[in-house]
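Colleague: Pasting a predicted model and its sequence here:
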Amino acid sequence: MELKEYWSDRNHSRDFKLIRIGFVAIRFRWLVTLLIIGIAGWIAVDWWVLDPAHFKLLWKVRLITGVMLTPLLPLSYLCKLDRRWMVMSLHSLLGILLLFNFVSLWSFRDGVPIPVGYVAFPYFLLALLAVLPLPIRSGIRVAVVVTVAVLATDYWLDSRSLDNGELLDRIWLLLCFSLAMIWVQTGQLRMLLDLYRESTRDPLTRLMNRRLFVRQLEDTRQHSSAERPYTLILLDLDRFKRINDDHGHLMGDEVLVSVANTIMDIFGQDATVARYGGEEFMVLLDNTGLEQGERQAETLRLAVESQPVENPLDESEVMVTISGGVVEGRLDSDLTELLRQADEALYAAKSKGRNCVVAHR
Ligand SMILES: Nc1nc2c(ncn2[C@@H]2O[C@H](COP(=O)(O)OP(=O)(O)OP(=O)(O)O)[C@@H](O)[C@H]2O)c(=O)[nH]1
């Protein structure tokens, strides 16, 4: 769990960014729907508590605000596609609501007592925005925008409040609500990150699982070109059942973790590595042709062969080897066919006697 993951979405993977934005978009849509109903529905309360002249002005303000918020509903569907739409939608929401806050408070400028629903609106807004799983940096931005707008509105409409303790009181209250909002938002983000990890990581090796790998593969395919192919390496541990049978499943697990670590040592951040099945691993090398991929698979095979795995129970060593099938993909590749070809190449490597790499040509 790293703090920087909570600080900014720059530290999130592309896949998680898309998932989070999708989640934010759904909550945003509900938020806007509730605000439209709430702001327009409040007309009934105003009719009850305000004098007729004041009511005549404010019901129009409320209705116009509701109408201004409505385009944000279809916009929220675009948010799922691009982060910029999300940022624009959030800014628009804040802009419209803070303008509503300004105009409605302005209508009370003649010394008419302000009903609590209007005084509390900015705090209510901060509480509502807590439902969005935003990183801390975005939460701070929202809090600063709301705080500055509320204080500017106060100053503009009632500069008297600067002379007494009211200003300090407001700042203090806004700070408390802002901190609570950021705290809840971070909690939501953490929950989302935890759920994402649970559903995309293999618990034993901590590599990504097959589900996420297939999504990454599709993403790589879409960004590939004739000059920029990608290569898949399907790896399978040789005679792994025998290791389990001879040394126990605990040792089998130890071997899987050790091979996963070796793959990560060899490829590091340059590749997408997944535990594809029980004793199968998949490596995706972006911007890599077949020959280069084959060479890298061979380097990995040698590394695994030269690193026996120590049995934690009796400190004996177990020799491990892997076989690999290598295949090159293009923009127009059918991924199901590509995976079938990788499987075929792996099968050929097994048939050749194992502990070798075969490329599909
Ligand atoms: N310890 C352990 N074993 C696993 C795990 N997942 C799958 N296996 C075992 O992996 C073994 C795979 O065996 P096989 O498919 O027969 O393959 P193999 O013995 O490696 O033989 P070849 O692939 O033909 O070289 C099975 O015994 C599974 O029980 C796991 O998470 N931990």
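Modeller: Arrived safely.
Colleague: residues touching residue 12, list them.
Modeller: Shown in contact with residue 12 (CB atoms under 8 Å, 6 or more residues apart in numbering): 5, 20. C-beta: built from backbone N, CA, C; applies to glycine.
Colleague: Test for you: state the pLDDT assigned to it.
Modeller: Looking at residue 12, its pLDDT is 89.
Colleague: and what of the one 10 residues further on?
Modeller: The predicted local confidence for residue 22 comes out at a pLDDT of 91.
Colleague: Excluding residues flanking it in the chain, which one is nearest it?
Modeller: residue 80 (4.9 Å; CB to CB, 6 or more residues apart in numbering).
Colleague: swap in residue 131?
Modeller: That would be residue 27: by CB to CB, 6+ apart, it lies 5.2 Å from residue 131.
Colleague: Please name the residues that touch the residue nearest to residue 22.
Modeller: So residue 80 contacts 18, 21, 22, 25 (CB under 8 Å, 6+ apart).
Colleague: The third one sits in which helix or strand?
Modeller: Element membership for residue 22, per DSSP states H and E: helix 14-41.
Colleague: and the helix or strand following that helix, which residues are buried?
Modeller: Where DSSP H and E defines the elements, the next helix or strand beyond helix 14-41 is helix 43-49. Neighbour-count burial for helix 43-49 flags 43, 46 (criterion: 16 or more other CB atoms under 10 Å).
Colleague: list the helices and strands helix 43-49 packs on?
Modeller: Packing contacts for helix 43-49, counted by 3 or more CB pairs under 8 Å, 6 or more residues apart in numbering; DSSP states H and E, involve helix 52-69.
Colleague: Quick check: buried residues in the helix it packs on?
Modeller: Buried residues in helix 52-69 (16+ other CB under 10 Å): 55, 58, 59, 61, 62, 65, 66, 68, 69.
Colleague: about what we covered before: among the contacts of residue 80, which ones are buried?
Modeller: For the contacts of residue 80, a burial check counting by 16+ other CB under 10 Å picks out 18, 21, 25.
Colleague: ok, the residues you listed vs residue 93, which is closest?
Modeller: In terms of CB to CB, no member of the buried ones among the contacts of residue 80 lies closer to residue 93 than residue 25, at 12.4 Å.
Colleague: picking up where we left off before, centre of the chain versus the helix holding residue 22, how much separation?
Modeller: Taking CA atoms, centre = their mean, to the nearest Å, the mean C-alpha location of helix 14-41 is offset from the chain mean by 15 Å.
Colleague: which strands and helices sit next to that helix?
Modeller: Contacts defined by 3+ CB pairs under 8 Å, 6+ apart place helix 14-41 against helix 52-69, helix 72-79, helix 83-106, helix 121-129, helix 166-200, helix 210-222.
Colleague: ok, 7 Å please
Modeller: helix 52-69, helix 72-79, helix 83-106, helix 166-200, helix 210-222 (3 or more CB pairs under 7 Å, 6 or more residues apart in numbering; DSSP states H and E).
Colleague: Tell me how far the residue nearest to residue 22 lies from the ligand.
Modeller: According to CB to the nearest ligand atom, to the nearest Å, residue 80 and the ligand sit 35 Å apart.
Colleague: likewise residue 305?
Modeller: In terms of CB to the nearest ligand atom, residue 305 sits 14 Å off from the ligand.
Colleague: what domains does the record give for the chain?
Modeller: 3-200, 210-359 (automatic domain parsing).
Colleague: With respect to burial, which of these scores highest?
Modeller: domain 210-359 (a mean of 18; mean count of other CB atoms under 10 Å).
Colleague: what mean pLDDT does it have?
Modeller: 93.
Colleague: what distance separates the start and the end of that domain?
Modeller: In domain 210-359, first residue to last residue: 21 Å (CA to CA, to the nearest Å).
Colleague: Many thanks, we can stop here.
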